[in-house]
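Give me the fold of what follows.
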Amino acid sequence: MRLNRRHFMSTVAAASIAPRFALAADTLKIVATTGMIADTARRIGGAHVEVQALMGPGVDPHAYRQTRTDITAMTRADLVFWHGLYLEAQMEEFLIKLERRRTSVPVAAAMPSDVLISHADYEGRFDPHVWMVPNLWTHVAREITRVLSAAKTEAANAFAQNLASFEEELNALQTYGETALSTVPKQARVLLTAHDAFGYFGRAFGYEVIGIQGISTESEAGLNRISTLVDMLVKRKIGAAFVESSVSDRNIRALIEGAAAQDHTVTIGGELFSDAMGADGTYAATYIGMIDHNITTIARALGGTAPERGMNGKLAAGS
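Residues are numbered from 1 along each chain as shown. Now for the predicted structure:
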C-alpha cells in the first residue's frame, strides 16, 4: 500500500505527542521490522520490553511496504528497530524520515565494515543477510543492548545479563553449525537457493552458494540465467536445491524441470528460512530455532550427519 506525503505527515504529527521513551516503571514499547530483530530484542529486553514485529512468517522484507497500521505503530513506539543495509528497501525512505521524530535505529548499520560483503550489483551497498551467521548476529544483539540501555538505564544490568546469556547460545549455535556442516562431503558443499541470501553463511561454513536471483528478491532471474544454472547442475551432478519460506519456488521448480529434461534428477533438499522466521509459536519462530533449522536441513540434505531434531532437539520431526 503506497502512502502519500500528506497522509504520512498527518499520521506522524498525530502520534508525535507520545513520549520519546516510556517512564521508568513502564515497559518500552518497541516495533521491529523483522522477526529476527524482534526476537533478539525480546531476549535482551526481557520483562522490560513489549515488542511488535511488522513482518511475520513468509514475508519478504525486500519488497515489504509499510501500511497505515504500521505507520501508526511506529510513530507511537518508544523505539523502532530496523535492519538497514538496504534490506527494507521499500521502507527505507520512511524509516529515515522517522528518525527525526523517534529513536529509529538501523541495528545492522553498527556492523564493522570489514565483515560485510559487498555486491557488484549494488554499488556502495552491502549484502544485508548478516543474520545467517550467529557470530555476526552478535554485533546486532550488542547494538540492540546499547540502545535499550540508553533508553532505560535502570535496567541496563539486566540487559547486559540477558545479552551474555544470548551470546552463549549464539556461540553454541555457531559451533553446532561448524560441526554439522563439516560432515558434508567437500564436493557436495554447494548451496543452491532461490535468491542470494546465504553469502555470509557460505563464507563462514565453507560452502559455495548459488542464488538464482540476486541479493534482493526484487531482481529477476531471466531465462538465460535459468538455462546456465541447469547446465551447471547437470555438468557438476548437483542433486539438491533448496526453496525458501519467503520466496516463490517458481525458479527452483524451473531448474528441476530443466535438469530432468537432460536426464538429471534434482530434488528439493528442504525449505530454508532466509528472510523470515518460522510460524508463530514454533521453535523456528525464534532466531536460534531458525538457524538451527537451516543448519540441520542443509547438512542432512547434502549427505552430512546432524540430529533430525537439531542442536537442541526442538525441531519438528521431518522438518
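
need the contact list for the residue nearest to I256 when sequence neighbours are not counted.
The shortest distance from I256 to any non-neighbouring residue, by Cβ to Cβ, 6 or more residues apart in numbering, is to V266 (4.9 Å). In short, each C-beta sits where N, CA and C put it, glycine included. Under the criterion of Cβ atoms under 8 Å, 6 or more residues apart in numbering, the neighbours of V266 are L233, I238, G239, A240, A241, L255, I256, A259, A260.

Neighbour-wise, which one of those leads?
Ranked by neighbour count under the definition other Cβ atoms under 10 Å, those are headed by A241 with 27 neighbours.

May I ask you to confirm that that one is in contact with T193?
Yes. Using Cβ atoms under 8 Å, A241 is in contact with T193, at 7.2 Å.

Between the two, which contacts overlap?
Here A241 and T193 have I252 as joint contacts, going by Cβ under 8 Å, 6+ apart.

List the buried residues of the longest helix seen in the chain.
Across the chain, the helix with the greatest residue count (assigned by DSSP state H) is helix 156-181. By 16 or more other Cβ atoms under 10 Å, the buried positions in helix 156-181 come out as 158-159, 162-163, 166-167, 169-170, 173-174, 176-177, 180-181.

Pick the one among those residues closest to A317.
Checking these against A317 by Cβ to Cβ gives A180 as the nearest, at 17.1 Å.

which element follows the longest helix of the chain toward the C-terminus?
strand 190-195 (DSSP states H and E).

Helix or strand: which one has the most centrally placed residue in the chain?
By Cα atoms, centre = their mean, the chain has its centre lying nearest to D275, at 4.1 Å. Counting by DSSP H and E, no helix or strand carries D275.

right, and it touches E244 too?
Yes. Counting by Cβ under 8 Å, E244 is a contact partner of D275 at 7.4 Å.

Report the set of residues contacting both of the two.
The overlap between the contact sets of D275 and E244 (Cβ under 8 Å, 6+ apart) consists of A197.

one step back: pull up the per-residue confidence for the residue nearest to the centre of the chain.
D275 is assigned a predicted lDDT (pLDDT) of 93.

Next, give phi and psi for it.
For D275, the backbone dihedrals are phi -100, psi 0 (criterion: degrees, to the nearest 10).

what residues are up against F242?
Taking Cβ under 8 Å, 6+ apart as the definition, contacts of F242 comprise 191-194, 252, 268-272, 297-298, 301.

Which residue ranges of the chain form strands?
Shown for the chain, the strands assigned by DSSP state E span residues 28-32, 49-53, 79-82, 103-106, 190-195, 208-213, 240-244, 267-272.

As TSV, those strands with distance to G124 would be great.
Below are the strands of the chain laid out as TSV (distance: least, Cβ to Cβ, whole Å):
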stretch	distance to G124
strand 28-32	26
strand 49-53	29
strand 79-82	19
strand 103-106	15
strand 190-195	20
strand 208-213	20
strand 240-244	26
strand 267-272	28
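
Of all those strands, which one is nearest L229?
L229 lies closest, by Cβ to Cβ, to one member of the strands of the chain: strand 208-213, at 6.5 Å.

could you dump that closest one to CSV, C-alpha only?
Output of strand 208-213 as CSV, limited to C-alpha atoms (Å, rounded to 0.1, in the frame of the first residue of the first chain):
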residue,chain,number,x,y,z
GLU,A,208,29.7,-22.5,-2.5
VAL,A,209,26.5,-20.5,-2.6
ILE,A,210,24.4,-20.1,-5.8
GLY,A,211,21.3,-17.9,-5.8
ILE,A,212,19.1,-17.9,-8.8
GLN,A,213,18.2,-14.2,-8.1
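
Could you check how far T33 is from W137?
15 Å (Cβ to Cβ, to the nearest Å).

Low-confidence ranges, the stretch 1-150 of the chain, go.
For the stretch 1-150 of the chain, the stretches flagged by pLDDT under 70 are 1-25, 120-122.

swap the cut-off to 90 and go again
For the stretch 1-150 of the chain, the stretches flagged by pLDDT under 90 are 1-26, 58, 99-103, 119-125.

All good on my end, thank you.
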